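*Asks:* sharing a sequence plus its predicted fold:
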Amino acid sequence: MQTGSCHCGTVRFEVDSGIEEYRRCNCSICRRKGAVMVTAKKEDFRIFAGEANLSLYQWNTNTARHYFCKTCGIYTHHWRRSAPQYGYNLGCIDGIDIEDYTEIPMRNGQSMSIVSDDE
Ligand SMILES: [Zn+2]
């Protein structure tokens, strides 16, 4: 199991699965955010501290729910009911070396915007 947190440490989460499927995305929110996102199944992802300190941001068709810490502003995760699955911020995971992740696939989320329901 892995644990992760926002920058100020208020929001903490745990993930049962490993870092297997990760990507950046070129859609309008992800290109601004710049985070590397890891996919997790619904049952594998849990917020265990600071849930009340999360802000929710939704846009476009409101299918994806983007969460970030109210205090430090760090994106921790999002939920996509259309998948359904979580995506979480690789950089939030405790103890990883971000330099181990140099080959990062780019997802074409831009092509799904407006007409679709994606992040
Ligand atoms: Zn925070």
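*Replies:* It's in.

*Asks:* residues in contact with residue 46?
*Replies:* Residues counted as contacts of residue 46 (C-beta atoms under 8 Å, 6 or more residues apart in numbering) are 13-15. (Glycine included, C-beta is placed from N, CA and C.)

*Asks:* please identify the helix or strand for it.
*Replies:* Using DSSP states H and E, residue 46 falls within strand 45-49.

*Asks:* partners of the worst-scoring helix or strand of the chain on mean pLDDT in the sheet?
*Replies:* Least confident helix or strand, the chain: strand 106-107 with a mean of 86, by mean pLDDT, DSSP states H and E. The pairing partners recorded for strand 106-107 under DSSP bridges are strand 22-25 (parallel).

*Asks:* quote the end-to-end distance of stretch 52-63.
*Replies:* End-to-end span of stretch 52-63 (C-alpha to C-alpha, to the nearest Å): 21 Å.

*Asks:* please read the previous query as pertaining to stretch 44-62.
*Replies:* 23 Å.

*Asks:* so how far is that stretch from its chain's centroid?
*Replies:* 9 Å (C-alpha atoms, centre = their mean, to the nearest Å).

*Asks:* swap in stretch 31-42?
*Replies:* The answer for stretch 31-42 is 4 Å, by C-alpha atoms, centre = their mean.

*Asks:* ok, and what's touching that stretch?
*Replies:* With C-beta under 8 Å, 6+ apart, stretch 31-42 has contacts from 15-17, 19-25, 30, 75, 78, 84-91, 93, 98, 101, 104.
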